[in-house]
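**Q** Provided below are the primary sequence and the corresponding predicted coordinates.
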Amino acid sequence: MSDVLFGLFVRSIWETLLMTGAAGLISLVAGLPLGLALVMTDRGGIAQNLWVNRVLGAVINAFRSVPFIILLVALIPLTRLIVGTALGTWAAIVPLAIAATPYYARVAEVSLREVDRGLIEAVRAMGGGRWTIVREVLVPEALPGIVAGFTLTLVTLVGASAMAGAIGAGGLGDLAIRYGYQRFETGIMIAVVIVLIALVSLIQWLGDRLVARLDHG
């Protein structure tokens, strides 16, 4: 591998990490409140509102049902409005975050629903309000599942960021397409696959370790 290709390879790894990290952070900040809202407004929830629950659920399902490559193209006008361009690493973060947020919201919802309702009722009986229940019961009790779900979301984002390379988003996917596929550089393609496998394995290992620590905490 030439020095130029090695430089491109290192930059592509950084771009993939940037896309995955930024989109993952946005999905966490936006998706967890959405998951909480779905649980709280559901039938028997601490803020029951079935109309809000159904509308919110329908919107989340609508975004989740669109294949990422189609969403990537459909959001080009919005991406251009927010970032000023539809190409490059920063532009890819917009569709990645929008795709990951509803996905993580549903994953977080599953973990939050598994919290023992007896604990919620106990806090209610002691006069605890909605946000006390969220802060003291729902989030702490569901935290291992929330972290496991976030790990899964990051792993999914690694694959999606590679797919975003198909429209010039940068990162390892773009490198694999431009050099590994279009220029028949088999070595580049193999190196990209190895790095992606290593990256996913590292993220999963770190997530599993954190979940194990939280479970025993």
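**A** Structure received.
**Q** apart from its neighbours in sequence, what residue is nearest residue 31?
**A** residue 104 (3.5 Å; C-beta to C-beta, 6 or more residues apart in numbering). Bear in mind the C-beta positions are built from the backbone N, C-alpha and C, glycine included.
**Q** and the gap between that neighbour and residue 32?
**A** Distance, residue 104 to residue 32, using C-beta to C-beta, to the nearest Å: 7 Å.
**Q** now residue 13
**A** For residue 13 relative to residue 32 (C-beta to C-beta), the value is 28 Å.
**Q** in the longest helix seen in the chain, what counts as buried?
**A** Secondary structure of the chain per DSSP state H: the longest helix is helix 3-40. Residues 8-9, 12-13, 15-16, 18-20, 22-24, 26-28, 30-32, 34-40 are the ones in helix 3-40 that count as buried (16 or more other C-beta atoms under 10 Å).
**Q** ok, then the element right after it?
**A** helix 50-65 (DSSP states H and E).
**Q** can you list the buried residues in that following helix?
**A** For helix 50-65, by 16+ other C-beta under 10 Å, it's 53, 56-57, 60.
**Q** okay, angle between that helix and helix 3-40 too, please.
**A** 160 degrees (axes from the mean of the first three to the mean of the last three C-alpha atoms, to 10 degrees).
**Q** quick one on the thing from earlier: average pLDDT across the host helix or strand of the residue nearest to residue 31?
**A** Counting by DSSP H and E, the element that carries residue 104 is helix 89-113. In this model, helix 89-113 has a mean pLDDT of 93.
**Q** what angle separates the longest helix of the chain from helix 89-113?
**A** 30 degrees.
**Q** on that earlier part again, make sure the residue nearest to residue 31 is actually in contact with residue 36.
**A** No - the criterion here is C-beta atoms under 8 Å, and residue 104 misses it with residue 36 at 11.9 Å.
**Q** beyond the helix or strand of the chain with the lowest mean pLDDT, next helix or strand please.
**A** Counting by mean pLDDT, DSSP states H and E, the weakest-scoring helix or strand in the chain turns out to be helix 171-175, with a mean of 81. As assigned by DSSP H and E, the chain's next helix or strand after helix 171-175 is helix 186-215.
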